[in-house]
Structures are given as structure tokens and as C-alpha cells.
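> What would the 3D arrangement of this be:
(one chain, ligands or ions: 1)
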Amino acid sequence: METEIVRKKHQEIFGCDPEIIVFAPGRINLIGEHTDYSEGFVLPMAIDMGITVAVSKIPDSSVIAVFSIDFDQKMVALYSDFGRSKDNWFNYPMGVAKILHKKGYNIGGIRITFAGNIPQGVGLSSSAALEVAVAFAIKELYSLNISNTELAKVCQQAEHEVVEVQCGIMDQYISLLAQKNTCMFLDCRSLKYELIPCNFAPYHLIITNSNVLHKLSQSKYNERVNECAEAVKILNSSDQKKSLRDFSLEDLEKMKALIPENIKKRARHVILENERVKKAKEFLTSNDFESFGKLLNESHASLRDDYEVSCKELDWLVETAISIKGCLGSRMIGAGFGGCTIGLFTDEALSEYKKKLGEYEEIFGYRAVIYESTPSEGVHCL
Ligand code: GLA
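Next up, the predicted model:
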């Protein structure tokens, strides 16, 4: 569907056929939130919604011309001397081209047309999907000799340097490397990963979009990254450990007199969340969904109380879900301050949950939208 839309639009806007069309998925993170930039563990899976990109070459140039169907806007610039655009969506495709060029890959000009069937700004990683789709399309278009794991780092670097969000590597990894019917257990230090077979039947894995846009998240996100770095600095007084991944609750306890309360809470979240991811992997492997569900609830409580990245709408969705018999667990996902929750439900619990979502709109004035997704494939040509 999107394939035909982007193809036609590419012809209309640029007057030529696309040479390649690529789809990159968004993701949900089953568990392991705000652990990736502390070199911890995460367990994401790709979803069946994402970004479709059509591209063609502009030989002998360093021009990037991008048309966004969703924003109905065209932007043109030279990637060789690009700074940052006030139209933030443009920074993602541009950032990727700029970093590839900076790293010495031989790329020419490029026309890009893209559209998404994924809600934007709600924590499903539409931005990583855009970066990945563009990076992969450029790789194919110019036959670049670069692995998908390297491409993930290019996308992350684009986000750090051009978008100016100090994100971890989770979203780009899963969008590039996911395989159908699996989720990914990723060690964000070694970048080694395992694809774990993932089938929640007879339960439903439900995504609920709170429709609260996580606008604040860019600055708040960087604030959390800095707080984790601050925690490491304090905890490191006697040792040379590199990230929160290396510390335990005992280390935290020993230093408690020296650590400000908010920094201690952030560190506690990361330390315990890493433990939960390892347990979650075991529970999923043995199809112990009840125990897995409890971990979701614990993760949410920790993100709400210790990491302080939830909001009243997300808390309401999670509390409502877990008050229903037959909901095994629920939690917010992604950067937070809005966005989505996930939950695991029996048939009956799901019907009950859907009924209760009517109240959400009455209380908060936003409509909650639900999606059911199975673990999907990573980036690919269409
Ligand atoms: C965003 C970032 C990821 C990760 C999550 C929180 O999605 O892009 O790197 O940090 O937030 O887990």
C-alpha cells in the first residue's frame, strides 16, 4: 500500500522513478527501558508499522532532496555542509547522509520520498525507523560496503550530532536486525545479541497509544543520560568502572551518603531493570508469561517512581490494565513522558480493557488507541 503511495509521489515530486523502495519497522521494547545508554540489557521487538522510503540518485552531487508525505513538505540541502534544520524531521535523513559522508563513504546526491504507517512521537521509534530506512536505502543505492551493525552506529551518531538527542543503540539495532517471530536480547556493551523465539499465544500483546506526544522528551531524555553519567562519577570514587551496568545495589548502598536522592533513584532503576531483562529472557524462553507479566509491572513502577519518566495518562492506562483479572502485566515503553504502554491480556481481559478505555477519554481528553502486533521483520527492500 505505502509502496505505491511513495512510488507515485516520488514520480510526481521529482519527475523520475525511484530506484529502490525500503521499509524499516518501528519497535516496542518488551523490557529494559532506559538501560541502553548505560551499556545495559534490552529486549525489544520490531512491529509491523514503520516507514517506507523511495530513493533515486542525483549523480555527481551532494544534494539531498527529501519529500515527506506526512508533513507534505519538501526540503533540500547539501549534506556536505549541513548544520541542523529547524524542521526537525529533516534532521533524521539528512543526519544519516551527513555521517555516511563524514565517515568517507562514497555517496552522491539522493532524492528521497517517505511515508509512515506508524504514529509519530509516541515512543514507537518512528524516528529510528526513518533513519534506518534512509541509511539502508543509501547503502543499497550506492552499493556501500557497510554492515547493518555499522549502519546502526551511523544512525545513532546522526541522532547524537545532528538531532542532538544522546540516544542509546536499541532502536536502530532492532529496526535493522529484527527477524519475524523473535525478539532481541541485546547486550548494549558488547553489542552481541540473541534472537529469542517470541509467541505470546494464547495471550494478546497489546500496545496502547496514550496519544500524549512526548514533546518534552528530548531535553528530559538528555537530562536522564547526564544523571546516569553523574551517578557513575560518584560511584567511581574508588574504582574505574565505566557505566551503571557495572554497579550493584550494594555499591549504591555503600555510597548512599554521597549520592543526591534523584541520582540514587536513577541508578537504582538501571541496576534493577538490567536484572529484570535477564529474568524476562528466561521467562519468555520457558513460556512463563505470568512471571514475565510481573516483571512488566515492576518495570513500570520503577520507571514511574525511580526514573520519573512516566505521566498520569500512562499510569492510568497501566493501573487500569493490571486491575483487570487476566491481564498478566503492563508498563510504559520508550523514552516516556507520553507515548505508549504494552500489556499482556487474555481474550476476556482484553474485552474488559477495551470497554474501560472509554473512561480514559472522559478523564484526559485524549483518545487511547490500541494495536496488536506480532514480532516482525527488520529493514528490507520492497
Ligand atoms: C528512546 C531511545 C532509546 C532508549 C529508549 C528508552 O527510544 O532512542 O535508545 O534509550 O528511549 O529505553
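
> any low-confidence regions in the chain?
Within the chain, the set of residues satisfying pLDDT under 70 comprises 215-217, 237-239.

> What strands line up against the lengthiest strand in it, and which way round?
In the chain, ranked by residue count with DSSP state E as the criterion, the top strand is strand 44-58. Strand 44-58 pairs in its sheet with strand 20-29 (antiparallel), strand 109-116 (antiparallel), by DSSP bridges.

> Out of these, which gets nearest to Gly358?
strand 20-29 (23.8 Å; CB to CB). All C-beta spots, glycine's among them, are computed from the backbone N, C-alpha and C.

> May I have the closest one as PDB, with CA atoms only?
Provided in PDB are the C-alpha atoms of strand 20-29 (Å, rounded to 0.1, in the frame of the first residue of the first chain):
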ATOM      1  CA  ILE A  20      14.800   1.400  -4.600                       C
ATOM      2  CA  ILE A  21      12.000   1.200  -2.100                       C
ATOM      3  CA  VAL A  22      12.800   0.200   1.500                       C
ATOM      4  CA  PHE A  23      10.700  -0.400   4.600                       C
ATOM      5  CA  ALA A  24      12.100  -0.100   8.200                       C
ATOM      6  CA  PRO A  25       9.900  -1.100  11.200                       C
ATOM      7  CA  GLY A  26       9.300   0.700  14.500                       C
ATOM      8  CA  ARG A  27       9.600  -1.200  17.700                       C
ATOM      9  CA  ILE A  28       8.200  -1.900  21.100                       C
ATOM     10  CA  ASN A  29      10.600  -2.700  23.900                       C
END
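
> ok, then the element right after that strand?
strand 41-42 (DSSP states H and E).

> Tell me the strands beside that following strand, with direction?
strand 182-187 (antiparallel).

> Tell me if the partner strand is near the ligand.
No - using CB under 6 Å from any ligand atom, strand 182-187 stays clear of the ligand, with a minimum separation of 10.8 Å.

> Over to stretch 336-355?
No - Stretch 336-355 does not reach the ligand (CB under 6 Å from any ligand atom); its nearest approach is 7.4 Å.

> buried sites along that stretch?
Using 16 or more other CB atoms under 10 Å as the test for burial, stretch 336-355 gives 336-346, 349-350, 352-353.

> Pull the number of nearby residues for the residue nearest to Asn117 when sequence neighbours are not counted.
Leaving aside its chain neighbours, Asn117 sits nearest to Met49 (5.2 Å; criterion: CB to CB, 6 or more residues apart in numbering). Neighbour count of Met49, defined by other CB atoms under 10 Å: 20.

> And Met49, how close does it get to His204?
Met49 sits 17 Å away from His204, going by CB to CB, to the nearest Å.

> re earlier: please identify the most buried of the strands paired with strand 44-58.
Highest mean neighbour count among the strands paired with strand 44-58 (mean count of other CB atoms under 10 Å): strand 20-29, with a mean of 27.

> Relative to the whole chain's centre, how far out is that strand?
Its chain's C-alpha centre and that of strand 20-29 lie 11 Å apart, by CA atoms, centre = their mean, to the nearest Å.

> got it, and stretch 8-25?
The answer for stretch 8-25 is 25 Å, by CA atoms, centre = their mean.

> Just the endpoints, please. Distance across it?
21 Å (CA to CA, to the nearest Å).

> ranges for the helices of the protein?
2-14, 88-102, 126-141, 148-158, 170-177, 217-235, 249-254, 261-285, 289-305, 312-322, 347-364 (DSSP state H).

> Show me what counts as buried in the first one.
Think helix 2-14. Buried-residue list, helix 2-14, by 16+ other CB under 10 Å: 2, 6-7, 9-10, 13-14.

> would a markdown table of those with distance to the ligand be doable?
As requested, those are exported to a markdown table (distance: CB to the nearest ligand atom, whole Å):
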| residue | distance to the ligand |
| --- | --- |
| Glu2 | 23 |
| Val6 | 24 |
| Arg7 | 30 |
| Lys9 | 28 |
| His10 | 28 |
| Ile13 | 29 |
| Phe14 | 30 |
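
> from those, which is closest to Leu314?
When the buried residues of helix 2-14 are compared for distance to Leu314 (CB to CB), Glu2 wins out at 28.8 Å.

> looking at the strands paired with strand 44-58, which is closest to the ligand?
strand 20-29 (5.9 Å; CB to the nearest ligand atom).

> Would you confirm that Thr52 contacts Ala115?
Yes - counting by CB atoms under 8 Å, Thr52 touches Ala115, with 5.7 Å between them.

> joint contacts of these two?
2, 5-6 (CB atoms under 8 Å, 6 or more residues apart in numbering).

> okay, the residues you listed in TSV with distance to Ser299 next?
Formatted as TSV, those follow (distance: CB to CB, whole Å):
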residue	distance to Ser299
Glu2	33
Ile5	37
Val6	36
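
> Out of those residues, which is nearest to Ala129?
So of the shared contacts of Thr52 and Ala115, ranked by how close each gets to Ala129 (CB to CB), first place is Glu2, at 12.0 Å.

> Would you confirm that that closest one contacts Phe23?
Yes - with contact defined as CB under 8 Å, Glu2 counts as touching Phe23 (7.4 Å).

> Thanks again, I'm all set now.
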